[in-house]
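Colleague: pasting the structure only:
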C-alpha cells in the first residue's frame with residue numbers, strides 16, 4: 001500500500017513541478033545565449049537579456065516558494081482537511097501516510113536543489129567547462145584514487161554517511177513542519193497561528209534540551225589531556241571522523257524521531273478534521 005501512496009503523491013506533486021523545472025532550465029539556457037552572443041545584445045540593446053533575467057529570478061524564487069508550499073499543502077490537504085476523511089478510511093496506517101508524504105517531500109527538495117545547481121552551471125560555465133566539471137566526478141586520475149585509498153581508505157563509507165546525514169537532516173525539518181501542523185489541527189480556530197507557535201516552541205524546547213544535556217555531559221565527563229587527544233587523532237583520525245559523523249547522525253536522528261512520534265501520535269489519537 002505504501003507503494004501506491006508514493007505513486008499517488010509523486011503524480012500529484014510533479015505534474016506541477018516538472019513543467020516549472022523545464023521552464024527554469026529553458027530560461028537559464030536563453031540567458032546564457034544572450035550573455036555569450038554579443039550581436040544579439042547589440043541588436044536588441046540588452047532589453048531581452050534584462051527581461052530574461054527578471055523571468056529567471058522570478059522562476060528561481062517561485063520554484064523555492066512553490067516547493068515549500070507543496071510540502072505544507074500536500075500534508076494539510078491530504079491528512080488534515082476534507083481529503084483526510086478519505087485517506088483515513090483507506091486500509092493504511094498513519095505511519096504509511098506520514099512516510100509517503102515525507103519521502104516525496106524529501107525527493108522534491110533534492111530535485112529542486114539539483115535543478116538550481118544545474119541552472120547555475122549553465123549560467124556560469126561553458127559547455128566544455130560543464131562537461132569537464134561533471135566528468136571529473138567519474139574520471140578521477142589514477143594518482144588521486146591511489147592517494148585516497150592510501151590516506152583515507154574508508155572514504156566511501158564517509159561519503160555514504162554524508163548522504164545519509166543529508167537525508168536525515170532534510171526529513172527532520174520536514175517532520176518538524178508536519179508535527180507543528182498536526183498539533184495545530186487540534187484547535188478549531190486559528191490553526192495556522194497555532195501551528196507557527198508550536199513550530200517555534202518545539203524548536204526552542206529541543207534546543208534547550210541539547211544545551212542542558214551538553215552542559216551536564218561537560219560537567220560529569222572527565223577531561224583528557226590535549227596531548228592524549230592529539231595522539232589519538234593522529235593515530236585514529238579515520239575512526240574519529242566516522243565517530244563524529246555518527247554522533248551527528250544520532251543527534252539529527254533523535255530530533256527526527258521526536259517529530260515523527262509526535263506527528264504519529266496526534267494523527268492517531270487526536271485527529272480533528274474540518
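Modeller: That came through, no problem. Just so it is clear, the model here is predicted, and its values are computed rather than measured. Residues are numbered from 1 along each chain as shown.
Colleague: If we ignore the residues flanking it in sequence, what's nearest residue 238?
Modeller: Leaving aside its sequence neighbours, residue 238 sits nearest to residue 154 (C-beta to C-beta, 6 or more residues apart in numbering; 5.3 Å). C-beta here means a position set from N, CA and C on the backbone, and glycine is covered the same way.
Colleague: what's the pLDDT at that neighbour?
Modeller: On the pLDDT scale, residue 154 is placed at 76.
Colleague: what's the burial count for it?
Modeller: Other residues near residue 154 number 14, with proximity taken as other C-beta atoms under 10 Å.
Colleague: That one is in contact with residue 245, isn't it?
Modeller: No - Residue 154 lies out of contact with residue 245 (C-beta atoms under 8 Å); the separation is 10.7 Å.
Colleague: Give me the neighbour count for residue 194.
Modeller: Count around residue 194 with other C-beta under 10 Å applied: 17.
Colleague: Tell me how far it lies from residue 183.
Modeller: From residue 194 across to residue 183, the span is 7 Å (C-beta to C-beta, to the nearest Å).
Colleague: Relative to residue 243, how far out is residue 79?
Modeller: Shown here: residue 79 relative to residue 243, a distance of 38 Å by C-beta to C-beta.
Colleague: Could you check which of these two has the larger neighbour count?
Modeller: For residue 79 versus residue 243, neighbours defined as other C-beta under 10 Å are more numerous around residue 79 (23 against 11).
Colleague: give the contact list for the more buried one.
Modeller: Neighbour list for residue 79: 87-88, 97, 101, 267 [criterion: C-beta atoms under 8 Å, 6 or more residues apart in numbering].
Colleague: Quick check: it vs residue 99, distance?
Modeller: Distance, residue 79 to residue 99, using C-beta to C-beta: 12 Å.
Colleague: try residue 32
Modeller: 40 Å.
Colleague: What is the neighbour count of residue 90?
Modeller: Counted with other C-beta under 10 Å, residue 90 comes out at 12.
Colleague: oh, I was asking about residue 185
Modeller: 23.
Colleague: what's the spacing between the closest residue to it other than its chain neighbours and residue 181?
Modeller: The shortest distance from residue 185 to any non-neighbouring residue, by C-beta to C-beta, 6+ apart, is to residue 80 (4.6 Å). Applying C-beta to C-beta, the value for residue 80 to residue 181 is 6 Å.
Colleague: And for residue 56?
Modeller: Residue 56 sits 32 Å away from residue 181, going by C-beta to C-beta.
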